[in-house]
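In: coordinates only, no sequence provided:
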C-alpha cells in the first residue's frame, strides 16, 4: 500500500516553497542598492555607445551610385 501523507503538512510545504520562490524573486528585483543599479546601467550604456561607434556601415553597389 502507499505511504500515508498528511495533507495539512503537504499544503504548508507547498505554500512555504511558493513563498521562498517569491522571496528569491524579490531579492533579485529589489535587493540591489541604488548606486549599484545606476553604475550597472551606466556601464551598459557606455558599452552600447562603444559598440555603435565601432560599427561599420557597408554600402551595397546600388548605394554607391
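Out: Thanks, I have the structure now. Computed from a prediction, not measured in an experiment: that's the story for all the values here.
In: C-alpha only now, for contacts and for neighbours.
Out: Fine.
In: what pLDDT does residue 65 get?
Out: Confidence per residue is given as pLDDT, and for residue 65 that number is 53.
In: how about residue 19?
Out: With respect to pLDDT, residue 19 scores 97.
In: before we move on, what about the one 4 residues further on?
Out: Predicted confidence (pLDDT) for residue 23: 95.
In: any weak-confidence spans in the protein?
Out: 58-65 (pLDDT under 70).
In: count of neighbours near residue 6?
Out: Residue 6: 8 surrounding residues under other Cα atoms under 10 Å.
In: dump the residue contacts of it.
Out: Going by Cα atoms under 8 Å, 6 or more residues apart in numbering, residue 6 touches no other residue.
In: can you tell me the SS state at residue 37?
Out: Secondary structure state of residue 37, per DSSP: H, G, I helix; E, B strand; the rest coil, is helix.
In: next one: residue 47
Out: Three-state assignment for residue 47 (three-state DSSP): helix.
In: ok, it - how many residues close by?
Out: For residue 47, the tally of surrounding residues (other Cα under 10 Å) stands at 12.
In: do residue 18 as well
Out: Burial measure for residue 18: 12 neighbouring residues, criterion other Cα under 10 Å.
In: distance of it relative to residue 24?
Out: For residue 18, the distance to residue 24 (Cα to Cα, to the nearest Å) stands at 10 Å.
In: what are the ranges of the strands in this structure?
Out: Taking DSSP state E as the criterion, the chain contains no strands.
In: residue 45 - how many residues pack around it?
Out: Using other Cα under 10 Å as the criterion, residue 45 is surrounded by 12 other residues.
In: quick one: it and residue 38, what's the gap?
Out: As for residue 45, its distance to residue 38 is 11 Å (criterion: Cα to Cα).
In: quick check: residue 9 vs residue 18, distance?
Out: Residue 9 sits at a distance of 14 Å from residue 18 (criterion: Cα to Cα).
In: do the same with residue 57
Out: Here residue 57 is placed at a distance of 50 Å from residue 18 (Cα to Cα).
In: which helix runs longest in this structure?
Out: Longest helix of the chain, by residue count under DSSP state H: helix 7-30.
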